[in-house]
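got a predicted model here, sequence first, then my questions.
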Amino acid sequence: MSTTIHAMLDLAKNVMRKQAQTEKELKREIDDLKAKVAFLRFWSPLDHHITHRSSAGPCFNDVVLVASSDDGLPGTASSVPVPCS
């Protein structure tokens with residue numbers, strides 16, 4: 001085999017090896033991004049009304065309001081838990 005053909009074959013092997021490595025890295029990155037999107041959708045209150053809360057995850061409110069009295073003494077006001085709808 002001539003030196004030129006041998007060099008071209010080596011170059012082609014290196015390009016193919018690099019391409020395979022890049023493809024694996026991109027697949028890992030895509031899987032990582034899919035996992036992040038799934039996590040964010042799991043906790044997103046916006047998706048709960050779309051999916052009717054089937055198996056999308058628990059429903060949590062971002063803000064919890066707690067009743068209190070003006071005098072600030074504990075136990076002087078009652079609080080009632082409100083389920084998310």
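Alright, I've got the coordinates. Treat the numbers as computed from the prediction; the structure is a model and nothing was measured.

residue contacts, Ile30?
Neighbour list for Ile30: empty [criterion: Cβ atoms under 8 Å, 6 or more residues apart in numbering]. In short, each C-beta sits where N, CA and C put it, glycine included.

distance of it from Lys24?
Distance, Ile30 to Lys24, by Cβ to Cβ, to the nearest Å: 11 Å.

equivalent analysis for Ala12, please.
19 Å.

could you do Leu33 as well?
For Leu33, the distance to Lys24 - Cβ to Cβ - is 15 Å.

count of residues packed around Arg28?
Using other Cβ atoms under 10 Å, the number of residues around Arg28 comes to 10.

any idea which helix or strand carries it?
Applying DSSP states H and E as the criterion places Arg28 in helix 3-43.

tell me the average confidence for that helix?
The average pLDDT within helix 3-43 is 93.

quick one: pLDDT of Cys84?
What the model reports as pLDDT for Cys84 is 60.

same question for Gly75.
At Gly75, the predicted lDDT confidence score is 57.

could you do Val66 as well?
At Val66, the model reports a pLDDT of 67.
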